[in-house]
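Asks: Attaching a predicted model along with its sequence, questions to come.
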Amino acid sequence: MQMLLTETMPGLFNYWIVIVLMMIGFYTVIAHDNLVKKIIGLNIFQTSVFIFYISMGQITGSTAPILMHGAAGQQAVYAHPLPQVLILTAIVVGLSTTALALALVVRIHEAYGSIEEDDILAADYQRGTQESQKEQERMARARAAERHASRDADDGREQDEDAPDS
Amino acid sequence: MQEHTVLRIIAKLLIAPIIIFALYVQFHGDYSPGGGFQAGVILASALILHALVFGVQATRRAVPPAVLRVTASLGVLIYAGTGVICMLRGGAFLDYDYLAHNPVHGQHYGLLLVEFGVGMTVASVVTAIFYVFAGRGRQPGEHED
Amino acid sequence: MIVQLFHQMPVLVVILPLMAAPLCVIAHRALPAWLIHTAVSWVVFGISFLLFVETRVAGRVVYALGGWAPPFGIELVIDRFSAIVLLLVTGMSALTSLYARASIAAELPRERAYLVYAAMLLCLCGLVGMTVTGDAFNLFVFLEVSSLASYSLIAMGPSRRALLSSFQYLIMGTVGGTFLLIGIGFLYVMTGTLNMADIAQRLQGVAHTHTVEAGLAFIVVGLSLKAALFPLHAWLPNAYTYAPSSVSVFIAATSTKVAVYALIRFVFTVFGADLAFDSLPLGDVLIVLSVAAMLSGSLAAIFQTDVKRLLAWSSVAQMGYIVLGFALATGAGLTAALTHMVNHGLIKGALFMAVGAMFWRMQACSINDIAGLGKRMPWTCAAFVVGGLSLIGFPGTAGFISKWVLLQALMVDHHWLLAAAILVSSLLAVIYIGRVVESLYFREPAEGRKVARGEAPALMLVATWTLVALNIAVGLFGAAEVDATRQAAMSLLGVGQ
């Protein structure tokens, strides 16, 4: 055990962390019902991949890949810059995904009053089975009639201007 | 937060240097670490600081969301437009060599233009995201903190 | 100038939608945004057609972005295989643009309509980019561009359930995208390059290491998630059901196909068939999953009451046919996969368009809601019938051609059981399409759901019937299509160039 640790831990330390983080994130995404916790899990999962990319571009004893002039520049060992550039792109993707996911959660909360997946599914199930469906149908009927009335007046090409906002 | 004098004064002192720093990261990005994305986020953080201290309404008056929508789109157009200019001058898409008579100058112009577009879009989008979240679920007259 | 632009075509198909999207946002009104979307979609379709012709002659068109020679810069590569997928994606976008105006105006608040057009253009940009790129990491970026656009498009659906469907798709899609990123990372560790052709070359010495095998596994799982292959399809039915109708049309016809295309590209061009199918049992796994997809998707479709959801489940089954052809890893199998990718795009496009027109009319599309519409919307319902026949595989339609080619590919290798599975799945398709047709023509409308005779707007009908006509045209003159797809499959396998 001692040997295993000393042989595999130092060089591969980053990769162990990556695996641990990845599993924590993935588990959170799968196991949690709360939508915000799912997003947090997703973020941890993505971050572990970022660390994975950065680690593979790293050379022991290397510095940041910024060109140095003079004697220091001659001897310097630079980390591989390409994985860092790739990950900058992936971070931007992650940022957009998180923003979009949070925006969805805000709207889900406004529409359902909850961000627990079970509650939301239950709310939809109830609503789908109860008399509220008839209510929806009545509304739909009224809309269809309205649309049809406006269609008769016109040939339908411009009718979308009068369409009821839903 | 109008009553917190220290916060307001420090914020006022800080916002301008943050913006200057954003511009430095933006326009020095082709020589040193930095570039459009980082600069855009720094610039947006200045605006967000303003919103946190002086209220979202005040920031919205200074930088209206409608303007952000246009600048965010313009940034993408500047980026892609630079590439198209390269194409019209006979090169490949984003081949900066064709932007000037000297390829080295062309690369400089190209990088600056493209990064400027990126910075503009990132700053606008990040601020817009903040507006959207900050503006939700509150009454207009409610105290902002 | 014109000659110069001719050489720029591979990049134009990507950047025109990219530049048009912010223009839509600046325009900020539904009509100008729609005009931009329509114009750009058709121009891009025209360019794709020219590229298709060019690859028929030259075999391959390459383009070095920024003038950086590959493998250092990003390279766009269009060969015969990607040209056909490109044609499908841009063609569907062009037809959807005609359809979208009336449909979106009816389903969304007018002040939000411009966002739909902008997001559809971004989605188009991402899908086209995935198709033309020759760079592994670039493919991931375009995948995320198209995915982010489709999440927001689905969330704009008229009912509140669209929000949760979109969220679930976002979670699964991002996990899939991240898996792809991990896989590409493994490849990069082993080869030090991101250019697909270059990776393929450098992999030869190290192909049988665990790192590369793990990379293959991550990439296959990640892209299967995006392609909704059987056990990873959970996001698909809700997403297609609650999205706005024109979004369902576009995404159902293109996005899963492009994901399968990317999978085929990675397996055959990057890893090579030897590693994936001979050293690793990818073929066996995919065959089992695709048969499970065919049967379970068709079975689930039978029990649906919402017609859009029924079609979505049918899509899960149809992805099974495509992946089955690909899993055979033979020239005939790949031909069948590509043929069905195109034909299924045409079929599902037509069907979702017809259902969208019914939704436009009735504001609902459960089987009870559309009862008796056959007499009231004769053209729309006739389009659904022809599309349904094509889905079943009736002779004289596009669906028949793809099933015929797939059965031929199976017969060559004597896979009788798989052929039987296809027949069973087709019979199940008869049942679920039959349920809808029965409701349309042989049932009276429910109490209070009677509407007068009246068709969908002209542009919606034109788009729907163009697709229906294409279905019939492919069915009658399938030889030309199969010839093109066979050449594409051969070029992918690297023989017969």
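Replies: Thanks, I have the structure now.

Asks: what ranges do the strands span in chain C?
Replies: If DSSP state E is used as the criterion, the strands of chain C fall at C:60-64, C:75-79.

Asks: Grab the longest helix from chain A for me.
Replies: helix A:81-112 (DSSP state H).

Asks: Please spell out which residues along it are buried.
Replies: Neighbour-count burial for helix A:81-112, counted by 16 or more other Cβ atoms under 10 Å in any protein chain shown, picks out A:82-84, A:86-87, A:90, A:92-109, A:111-112. To be clear about C-beta, it is placed using only N, CA and C from the backbone, and glycine gets the same treatment.

Asks: Kindly identify which of these also come near chain B.
Replies: Among the buried residues of helix A:81-112, proximity to chain B is found for A:V92, A:A99, A:L102, A:A103, A:V106 (Cβ under 8 Å from any Cβ of the partner chain).

Asks: in what helix or strand does the closest residue in space to the third one that isn't next to it in sequence lie?
Replies: Same thing as A:L102. Nearest non-adjacent residue to A:L102, counting by Cβ to Cβ, 6 or more residues apart in numbering or on different chains: A:I39, 6.5 Å away. If you go by DSSP states H and E, A:I39 is part of helix A:35-57.

Asks: and that helix, C-alpha only, in PDB?
Replies: Output in PDB follows, covering the C-alpha atoms of helix A:35-57 (Å, rounded to 0.1, in the frame of the first residue of the first chain):
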ATOM      1  CA  LEU A  35     -32.500  21.600  -9.900                       C
ATOM      2  CA  VAL A  36     -30.000  24.100  -8.500                       C
ATOM      3  CA  LYS A  37     -28.000  21.300  -6.900                       C
ATOM      4  CA  LYS A  38     -28.100  19.500 -10.300                       C
ATOM      5  CA  ILE A  39     -26.500  22.600 -11.800                       C
ATOM      6  CA  ILE A  40     -23.900  22.700  -9.100                       C
ATOM      7  CA  GLY A  41     -23.100  19.100  -9.800                       C
ATOM      8  CA  LEU A  42     -22.800  19.800 -13.500                       C
ATOM      9  CA  ASN A  43     -20.400  22.600 -12.800                       C
ATOM     10  CA  ILE A  44     -18.200  20.400 -10.600                       C
ATOM     11  CA  PHE A  45     -18.200  17.700 -13.300                       C
ATOM     12  CA  GLN A  46     -17.200  20.200 -16.000                       C
ATOM     13  CA  THR A  47     -14.500  21.700 -13.700                       C
ATOM     14  CA  SER A  48     -12.900  18.400 -13.200                       C
ATOM     15  CA  VAL A  49     -12.500  18.100 -17.000                       C
ATOM     16  CA  PHE A  50     -10.900  21.600 -17.100                       C
ATOM     17  CA  ILE A  51      -8.400  20.400 -14.500                       C
ATOM     18  CA  PHE A  52      -7.800  17.300 -16.500                       C
ATOM     19  CA  TYR A  53      -6.900  19.300 -19.600                       C
ATOM     20  CA  ILE A  54      -4.700  21.800 -17.700                       C
ATOM     21  CA  SER A  55      -2.900  18.900 -16.000                       C
ATOM     22  CA  MET A  56      -2.000  17.200 -19.200                       C
ATOM     23  CA  GLY A  57      -0.400  20.300 -20.600                       C
END
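
Asks: Can you mark which positions in it are buried?
Replies: A:35, A:38-57.

Asks: Wait, B:A72 touches C:V25, no?
Replies: Yes. Counting by Cβ atoms under 8 Å, C:V25 is a contact partner of B:A72 at 7.4 Å.

Asks: Understood, closing this out.
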